[in-house]
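In: return a 3D structure for these sequence lines:
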Amino acid sequence: MAASAGYAIVSGATEIVTTPSAVSGSIGVVLLHADISKALSEEGVKPTLIFSGRHKVDGNPFEPLSDDVRAGLQAEVDSLYEQFLKTVAAGRGDRLTEEMARATEARTFFGTTEKSGPGRCQTRSRGSCGHVRIGSGRTLPRPWRALNRPNERNSDGQSDQRARR
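Out: Predicted structure coming up:
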């Protein structure tokens, strides 16, 4: 899976290799605010927040969001989204520009191939699925290999026993 923050991490790889059932994309930002004030009130609970700094409790779940707090949080989300797009574009270059990433509207893609989707991933034969090639061409081993085949050697020729430490 290379979705959301996972995609940000692998976007700098020289090559992204995936499986037909893998998930990639989700280039977006989400922030949740749950207003539980009504439920607490119905239970007879009235929280009291003791704080310093006018914005210390902005977005707390014990009261509805005010318009100015909501606008501030939206501005933060928008700023993080712009940073995310720039990170992906810097890593993927012409394979996935900032505009192309934005056009996905944070959609997730399953089994993305080089011709479709934001990941511009390549689906390979079973033998190479799950590897990510980084800058120097070094290949990172599949993370599940140590769990499934403890005596197998990774692409660096070392035992995957070290992954259990």
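In: so which residues of the protein form strands?
Out: For the chain, applying DSSP state E gives strands covering 2-3, 15-18, 23-25, 108-110, 122-123, 132-133, 139-140.
In: mean pLDDT for those: which is lowest?
Out: Of all those, strand 139-140 carries the lowest average pLDDT, namely a mean of 40.
In: so, low pLDDT: which residues of the protein?
Out: For the chain, the stretches flagged by pLDDT under 70 are 112-165.
In: show me where it has helices.
Out: For the chain, the helices defined by DSSP state H cover 5-10, 37-42, 67-92, 98-103, 145-148.
In: for P47, give its distance to S24.
Out: Distance, P47 to S24, by C-beta to C-beta, to the nearest Å: 41 Å. Placement of C-beta: from N, CA and C, glycine included.
In: these two: who's more crowded?
Out: S24 (24 against 12; other C-beta atoms under 10 Å).
In: I'd guessed that one sits against F109; true?
Out: Yes: counting by C-beta atoms under 8 Å, S24 does reach F109; the two are 5.3 Å apart.
In: now do M100 against R92, distance only.
Out: As judged by C-beta to C-beta, M100 and R92 stand 9 Å apart.
In: which one's more surrounded, those two?
Out: Higher neighbour count among M100 and R92: R92, with 22 against 17, using other C-beta under 10 Å.
In: need the nearest residue in space to that one, chain neighbours excluded.
Out: Once flanking residues are discounted, R92 sits nearest to S11: 5.4 Å by C-beta to C-beta, 6 or more residues apart in numbering.
In: got it, and S4?
Out: Closest to S4 by C-beta to C-beta, 6+ apart is S26, at 4.3 Å.
In: now the residue lying closest to P20 once chain neighbours are set aside: how far from N60?
Out: Spatial nearest neighbour of P20, chain neighbours left out: G111 (3.9 Å); criterion: C-beta to C-beta, 6+ apart. As judged by C-beta to C-beta, G111 and N60 stand 41 Å apart.
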